[in-house]
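Q: give me the fold of what follows.
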Amino acid sequence: MKKIYWYLSYMLMLWPVMAEAQKMPAATTMTIESVVVDENGSPIAGALVYANEGIASTKTDAQGKFILLTPELSDLLVEAPGYESEVFSADKYRNLETLPLKKSRFLYGQKDLVNVAFGKVKQGDLVNAVSILDPVELRKLDNTQSVTSAITGMIPGLIGSTNLRGIGAPLFVVDGLPRDVSTLNLSEIEQITVLKDINSAILYGNDAVNGVVLITTRRGQPLKKQVNAIMHYGMSAPSALPEYLPSAQYMELYNEARKNDGLGIQFAPELIGQYRTGNKYRYPSVDYYSDEYLKNVRPFSRAMVDFSGGNHVASYYTNVGWSQTGSLYNFGEGKSLKSNVFNVRGNIDLKVNRWIKSAMDAVVVLNNANSPAGDYFTNAATLRPHLFSPLLPISMIDPENGILQGRKNDINDTYLLGGANNYLTNPIASSYSGGTNRRVQRNFSFNNRIDFDLGRSVKGLAFHTNLSFDYLTLYDQSISNTYAVYAPIWSPTEDKITGLTKFGEDVRTGTQNVGNASYRRRIGFYGMLDYDRTFNEEHHFSGSLLAFATNDKVQSDWQGSKNANLGLRIAYGFRNKYLVDFSGAYVNSVKLPEGNRTAFSPSLGVAWVLSSEEFMSSASFVDYLKVRLSAGSMNSDYGITGVYNYDERYGGSGSYTWYEGTRSRAGVVPVNGGNPNLAFEKRNEINFGVESVLFKNRLSVNANVFTSAYSDQITRPQTLYPNYFSTFIPYRNFERTTYRGVDLGLSYRERWGDFSLTFGANMLLAGSKVTKKDELYAVSTRNRTGHPVDAMFGMESEGLFASTADIEGHALQAFGTVKPGDIKYKDQNGDGIVDANDEVRIGRSLAPFSYGLNVRLSYKNLSLFARGNGRAGSDGMLSNNYFWVDGDDKYSAFILDRWTEATAATATLPRLSSIANTNNYRGSSFWLYRDNFFTVDRVQLTYEFPDALAGKLKMKRLSVFADASNLVMLSKVRHIKELNIGAEPQFRSYSLGLNVSF
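A: A predicted model of the protein is given here:
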């Protein structure tokens, strides 16, 4: 409630300030009256008119008329949906009876500009596989600020936010430089463009081999002043928490595990009874995930304000934001800790003169993530419940024998910190007395662009430069205390502590320590000569010649990641009907030997707008239809790890063996042989696409069919050399993989009076195949060649051994001693021994089918928006110690359906074992599950107050919203997918918010 009160107070303070900024001095007010019309002279209702650099603004009425009060004559900016915006100078509109606007041409209007590699094109001129997301429109429905969340399920061909077309991770580029987007807010972004094929991405060179996600931030619009504020407050609840067994049940099952191994029990039945019903401090059963230690929810909040505007000389965009996340801990230092992120962005555009423009961008992000000392969740997943009581009540300590004298480390005069000899530190004690840790992250970014209009020399010619610099620093700032813990000595006759064994000392120096420091530095530059001109309104020529370079350096990486290339783009369009784009990059790599460090990567795209042809005129339901074809060959070093793989390298000492292993000699051992012919890896691709708008702009379709081949992939091919070469084997271009698939995006719009519906869907159906791989398996069934790149290999399970006779009648399993209740594996090669040679393909880790859905339902001023994503056809494997339990592991509720003699016919899990069980816990189909799911990622209900009410409050727009994130997952394995083991849980979040524009 305090947080909500703070926000309301902040808004009440902000409102008069913003409202006052819209007022003008009454002493010099003058009136501007006119009518906004279309090209035929018909009035345009609802047009927005801005004057005096946007300080004064109004809307036209039903007759297109407007009356505007302004302190002085100034240029007018007029905007209307479906029309091109127009600036009317004071001298011009004083001599006009009306202000005419031109109707926007479909896909060629001012708002149809698409950001592509190093430039912009009209959407109608695209010839390649490009998908576009408009964050400005999305934010009207969905106030998420996470970039990765916003693109999940919204882009055809993008699996989640990190895999494009099933091929790999795309390159993220922000304002011209590859950048991390984790600190970027969606409200700062003007457009997100995904470049999916080689033809669209090739100008970015080596690192763009898997495609590009191109992000362009917002800029100020001359003559249009805008102030937007958004704030929301909410709660996050864990989606799922691990469930571990209490002490008594753990002890019973551990005894069972020992019996299974032929060992005696460790815990006597009487002792187990005490742990079940006795004093919880004497016989502890600690649940680290209970509400004693973790809250049911944690709060979060965010406030953000952006300002934009300007005139013909200078324009600006500024974004200031702050977010805070509370703690999930319900005790100790962690209970009150909060993490904060503060961000500031400033984008400025300057017109130096008629032929020089400049832009400067600066970003600062300050992130302080606070947490108690220690690693709570790792310990919570490993510490068994009976080991010790983390807190010892002082009330249970016998006061007569003086054992409390001199004790310093007590909790609120109520508890002492408990522990044991082997557990001198523990997550509870660390949170109370271990101090705190602050993970400090500082991000600084800077861009400087200069544009030269050379049209006075050659019409349509321009030159652009861009210099970018990023610096990230990361370090831990902590106050580390040492503390004492006490092991109690209990009275044999009553629940009284008669003695304490102390471990450690209480030392609180208050000294602040700094450690784990690291940094990352990126520098980028490009210079580009650009040409764009249309002749006779029919022939459109454009082209670019550029030089591009980046250097990404992280601490301890002496070489860094370098990407440099020259680029060439030549494009032609005839009557916006026949389109051609040739794009190529002359790439460079420092990872290859001299003579092979450069290569030319060409690509070609063509498009035909069929709907512009006469023979399509009878297809009245087709508003627009374009077919596209692109192909390219990209050379890249993106997949090459290491810098000197081409060199013959030696390192360390060892010995050489020969003559069938009977001879050896000590000496310097090689790392790898040299290869002066090592060359780039290659990606060759063909993409065919269709774009269509149907049924009077109700249905939009964008589809692509693609095939890609990655060849000359670098490895050390064991198959080409005799085995005695071993460490002398050089790196070579050898392996090959292929990818094929189709991506599809659909959007449908409909309106019935005050009710409107917008529905969007996208999907990707993709597959891959390893066509050439270096592999030396003894049996062909283990070969990866011919299988998907993401194929999972392991043992094929045949269930559980039911008895000793069952074991004796089965092939010998070579993974350790096997007993009834252990997993039985199939002898694939029939040699009578089950070993690694019996591994086969058992699944695949990447979904061949992925999809996203989004829907908007609106009635008058009320809108409901929901979006989600799903996948089908992939597999997951249970593998961590929550599911694979042996030895002294902590027991989870998952293992209750384990095998016993009584449940042999129904058990779904293998027997328990108190020693390492290498037979049961290995990759096999036994632990495989079908990873199909659909997640409702976001739901938001928004109410926008009427313009009249907003106007009375001196606002242009006012809305309130309620939203939910990660709302629900539909999956048979939801209980597995929503579970995090040894880490902070996943969260389901809900919030209320306010959105205001001035």
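
Q: switch to C-alpha atoms for all contacts and neighbour counts from now on
A: OK.

Q: partners of residue 304 in the sheet?
A: Beta-bridge pairing for residue 304 (DSSP bridges): residue 230, residue 321.

Q: pretty sure it sits against residue 341.
A: No: Residue 304 is not in contact with residue 341 according to Cα atoms under 8 Å; the separation is 11.4 Å.

Q: can you work out which residues contact both of the two?
A: Shared contacts of residue 304 and residue 341, defined by Cα atoms under 8 Å, 6 or more residues apart in numbering, comprise residue 322.

Q: quick one: the closest residue to residue 253 other than its chain neighbours from residue 888, how far?
A: The shortest distance from residue 253 to any residue other than its chain neighbours is 7.7 Å, reached at residue 912 (Cα to Cα, 6 or more residues apart in numbering). Distance check for residue 912 against residue 888: by Cα to Cα, to the nearest Å, it reads 11 Å.

Q: could you check which of the two has the larger neighbour count?
A: Each of residue 912 and residue 888 had its neighbours counted (other Cα atoms under 10 Å), and the higher figure belongs to residue 912 (29 against 14).

Q: residue ranges with poor pLDDT in this structure?
A: For the chain, the stretches flagged by pLDDT under 70 are 1-28, 401-402, 405-410, 652-653, 655-662.

Q: which of the helices or strands spans the residue most central in space within it?
A: By Cα atoms, centre = their mean, the chain has its centre lying nearest to residue 148, at 4.0 Å. In this structure, residue 148 sits in helix 147-151 according to DSSP states H and E.

Q: one more: residue 776?
A: Under the criterion DSSP H and E, no helix or strand holds residue 776.

Q: in three-state terms, label the spatially closest residue to it that is not a sequence neighbour for me.
A: With sequence-adjacent residues excluded and distances taken as Cα to Cα, 6+ apart, residue 776 is closest to residue 719, at 6.6 Å. Secondary structure of residue 719, reduced to three states by DSSP: H, G, I helix; E, B strand; the rest coil: helix.

Q: shouldn't residue 719 be in contact with residue 773?
A: No: in this structure residue 719 lies outside contact range of residue 773 using Cα under 8 Å: 9.5 Å.

Q: in its sheet, what does the helix or strand harbouring residue 363 sit against?
A: Secondary-structure element containing residue 363, defined by DSSP H and E: strand 356-372. Partners of strand 356-372 in the sheet, by DSSP bridges, are strand 339-353 (antiparallel), strand 435-453 (antiparallel).

Q: tell me what the next helix or strand after that strand is packed against?
A: For strand 356-372, the following helix or strand on the C-terminal side (DSSP H and E) is helix 376-380. Packed against helix 376-380 by the contact rule (3 or more Cα pairs under 8 Å, 6 or more residues apart in numbering; DSSP states H and E) you find helix 427-433.

Q: next one: the helix it packs on to chain centre, how far?
A: Here the centre of mass of C-alpha atoms in helix 427-433, compared against the chain's by Cα atoms, centre = their mean, to the nearest Å, lies 32 Å away.

Q: outside of that helix itself, list whatever touches it.
A: Helix 427-433 has contacts (Cα under 8 Å, 6+ apart) with 331-334, 372-376, 379-380, 390, 409, 411, 417-418, 481-483, 485.

Q: now with 7 Å?
A: The contact list for helix 427-433, computed with Cα atoms under 7 Å, 6 or more residues apart in numbering, reads 332-334, 372-376, 379, 390, 417, 481, 483.

Q: likewise for stretch 750-764?
A: Where contact means Cα under 7 Å, 6+ apart, the residues beyond stretch 750-764 that reach it are 155-157, 698, 742-749, 849-860.

Q: now list the buried members of the residues you listed.
A: Burial by neighbour count, judged by 16 or more other Cα atoms under 10 Å, picks out 155-157, 742-749, 849-858 from the contacts of stretch 750-764.

Q: endpoint to endpoint, stretch 877-895 covers what distance?
A: Across its full length, stretch 877-895 reaches 16 Å end to end, with Cα to Cα as the criterion.

Q: return the set of buried residues in that stretch.
A: By neighbour count on 16+ other Cα under 10 Å, the buried set for stretch 877-895 is 877-878, 881-886, 889-892, 894-895.

Q: and the residues you listed as a markdown table, adding distance to residue 556 and secondary structure?
A: Converted to a markdown table, those look like this (distance: Cα to Cα, whole Å; DSSP: H, G, I helix; E, B strand; the rest coil):
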| residue | distance to residue 556 | secondary structure |
| --- | --- | --- |
| 877 | 34 | strand |
| 878 | 34 | coil |
| 881 | 33 | coil |
| 882 | 35 | coil |
| 883 | 36 | coil |
| 884 | 36 | coil |
| 885 | 37 | coil |
| 886 | 38 | coil |
| 889 | 36 | coil |
| 890 | 37 | coil |
| 891 | 40 | coil |
| 892 | 40 | strand |
| 894 | 42 | helix |
| 895 | 43 | helix |
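
Q: looking at these, which is nearest residue 325?
A: Taking Cα to Cα as the measure, residue 882 is the one of the buried residues of stretch 877-895 closest to residue 325, at 28.3 Å.

Q: so the closest one touches residue 889, yeah?
A: No: under the criterion of Cα atoms under 7 Å, residue 882 is not in contact with residue 889, lying 8.5 Å apart.

Q: distance check, residue 486 against residue 495.
A: Counting by Cα to Cα, the gap between residue 486 and residue 495 amounts to 16 Å.

Q: if you could redo that for residue 477, that was the one I meant.
A: When residue 477 is compared with residue 495 (using Cα to Cα), they lie 42 Å apart.
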